[in-house]
Each structure stands twice: as C-alpha cells, then as structure tokens.
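# any chance you could fold what I've pasted below:
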Amino acid sequence: MKEFGQLLESLLAEKSSRIGQLEISASAGGFVVCHRDDVGRDDVTPREIEDVFEIAKFDNSGNYRPLKTAPNLRHGWKIFANNSAELQQAVNAIYPGRLAVLHAFESGKLVTTSLRETLSRQSGMYRVAARISDQQLDDLVGNFCRSDGGCLRTILWKRDDKGTLPSTQLPSEKFDPAHDQTGRNEKCIPLLCQEACNLLVAACREKVKEGAAPSAP
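Residues are numbered from 1 along each chain as shown. A predicted model of the protein is given here:
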C-alpha cells in the first residue's frame with residue numbers, strides 16, 4: 001500500500017499533476033484533488049475524504065457509473081488529502097485498482113492478457129462470450145472502449161495470442177500510455193488496462209446472444 005502512494009507522489013513530482021479526469025495539486029502540506037474541468041473554480045464544494053466513494057459512484061445527473069474509468073466523473077467537488085496515504089485512498093476510490101497496475105507497469109512486471117484468453121476463461125453464463133467473432137469484437141471494442149464516451153484506460157492487451165490489435169476502429173493513441181485519453185492533449189499519468197474488464201466480457205456475451213438463431217418451438 002505504501003509503495004503505491006510513494007509511486008503516485010513520485011509521478012506527480014516528475015511527470016504530471018493529472019490522472020484520468022483528476023487534477024492533483026499540493027496545498028498546505030497535503031494535496032487537493034478535484035475534477036480537471038473544475039481547476040480555477042471557486043464555487044466547488046469541499047468534501048471529506050470519506051465522501052470519495054460517493055463522488056465516484058454517480059455522474060452529474062445522478063446516474064450510477066458501473067465503469068469507474070468512463071469519462072463521466074462528477075463535477076463540482078474538491079477533497080483535501082492530508083498525506084500521500086489519503087491521496088492514494090482518494091485515487092483508488094475513484095479509479096479502483098489503477099495504481100496497482102501502474103506500479104506493476106513502472107516496475108516492468110505488468111502481465112497483460114489477450115481478450116481471447118480472457119473470454120476462454122469464462123464459465124457459467126459467460127462461457128458463450130468466447131464464441132464472439134473477430135468482426136464482432138472489432139466493432140464492439142471499437143465502440144465500448146473508445147475514450148470519447150467509453151473508457152479512459154489505455155489498452156495494453158491484444159485481441160489474441162497473435163498480437164492482433166483489439167480493434168482497427170480505435171486510433172493508435174488508444175494504445176499509447178503517453179497520450180491523454182481525455183482528449184485535452186495534456187501531460188498526464190495514464191490509466192492502464194492490462195486485460196478486458198468484466199463489463200466488456202458481459203458485452204461480448206450480449207453480442208453473441210443477439211446473433212444467436214432463435215430456438216425452435
């Protein structure tokens with residue numbers, strides 16, 4: 001846990017004060033965390049560190065956010081973190097698991113899993129997801145994982161063990177950790193994706209079910 005906080009502090013000092021849709025700045029011996037769009041606003045609401053899970057749960061309209069790395073983080077708040085441990089707590093609540101993945105990546109120990117391998121591991125009701133065609137995957141991933149309205153993670157996995165791109169419909173920047181997936185072209189710490197998420201697996205299952213022939217009466 002401590003090493004993740006140290007990594008984050010190091011990256012903030014050396015590379016950027018931004019991660020995903022978050023802006024982090026040093027203040028009074030601690031850190032202020034807010035939405036990148038809210039930098040410079042004086043009408044945002046101060047919130048406690050304990051409120052961070054609630055902030056991450058809903059978008060501006062009060063709709064539940066099943067994918068925490070979707071580009072729809074709520075606006076209008078700021079949190080003061082007293083130290084790196086609280087800063088880590090805030091970032092992990094808003095972007096669960098991303099600091100651990102980032103640490104593995106920076107350490108050269110990150111292992112990625114192809115989409116086909118992820119799908120082949122599914123069992124029960126999700127086993128059918130492995131039957132999705134390459135064309136269906138190309139279309140689905142191109143829409144589901146796009147940074148504009150989809151997900152802000154930088155994709156590191158491949159479609160299969162041949163090293164096929166996840167989707168030909170995604171720009172090359174989607175696979176570049178140095179690129180700002182928010183589209184603002186600012187220097188930022190990346191949100192990395194080492195394997196397909198559960199929501200993408202579920203979407204693959206639904207795509208296969210949509211194309212299945214109806215059962216005979």
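# what about the helix or strand containing Val32, distance to the chain center?
Using DSSP states H and E, the element containing Val32 is strand 30-35. Its chain's C-alpha centre and that of strand 30-35 lie 19 Å apart, by Cα atoms, centre = their mean, to the nearest Å.
# helix or strand right after it?
strand 45-47.
# determine how far that next one lies from the middle of the whole chain.
24 Å.
# next secondary structure element downstream of that strand?
Strand 45-47 is succeeded, C-terminally, by helix 52-57 (DSSP H and E).
# dump the C-alpha coordinates for the strand holding Val32 into PDB.
Below are the C-alpha coordinates for strand 30-35, written out as PDB (Å, rounded to 0.1, in the frame of the first residue of the first chain):
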ATOM      1  CA  GLY A  30      -1.200  18.000   1.700                       C
ATOM      2  CA  PHE A  31      -3.000  17.600  -1.600                       C
ATOM      3  CA  VAL A  32      -6.100  19.000  -3.200                       C
ATOM      4  CA  VAL A  33      -8.000  16.600  -5.600                       C
ATOM      5  CA  CYS A  34     -10.700  17.800  -8.000                       C
ATOM      6  CA  HIS A  35     -12.100  17.300 -11.400                       C
END
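# which non-adjacent residue is nearest Tyr126?
Arg205 (5.4 Å; Cβ to Cβ, 6 or more residues apart in numbering). All C-beta atoms are positioned from the backbone trio N, CA, C, and that covers glycine.
# and the strand holding Val32, what does it pack onto?
strand 22-27, strand 77-81, helix 84-94 (3 or more Cβ pairs under 8 Å, 6 or more residues apart in numbering; DSSP states H and E).
# was I right about Tyr64 contacting Ala56?
No - Tyr64 is beyond contact range of Ala56, at 10.6 Å (criterion: Cβ atoms under 8 Å).
# still on that earlier bit, buried set for the helix or strand where the residue nearest to Tyr126 lies?
Element membership for Arg205 (DSSP H and E) is helix 198-211. Neighbour counts using 16 or more other Cβ atoms under 10 Å place 200-201, 203-205, 207-208 of helix 198-211 among the buried residues.
# can you put the residues you listed in CSV and add distance to Gly20 and pLDDT?
Shown next, in CSV, are these (distance: Cβ to Cβ, whole Å; pLDDT from 0 to 100):
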residue, distance to Gly20, pLDDT
Leu200, 18, 98
Val201, 22, 98
Ala203, 21, 97
Cys204, 24, 97
Arg205, 27, 97
Lys207, 27, 96
Val208, 31, 96
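# return the member of those residues nearest to Val91.
For the buried residues of helix 198-211, the minimum distance to Val91 (Cβ to Cβ) is 22.6 Å, reached by Leu200.
# skip the chain neighbours and tell me the closest residue to that closest one.
Closest to Leu200 by Cβ to Cβ, 6+ apart is Phe144, at 5.8 Å.
# the one you found: what's it in contact with?
When contacts are counted by Cβ atoms under 8 Å, 6 or more residues apart in numbering, Phe144 touches 150-151, 199-200, 203.
# what do you get for Ala129?
Here Ala129 is in contact with 119, 122, 201-202, 204-205, 208 (criterion: Cβ under 8 Å, 6+ apart).
# next one: Cys197
Contact partners of Cys197, counting by Cβ under 8 Å, 6+ apart, are 67, 151.
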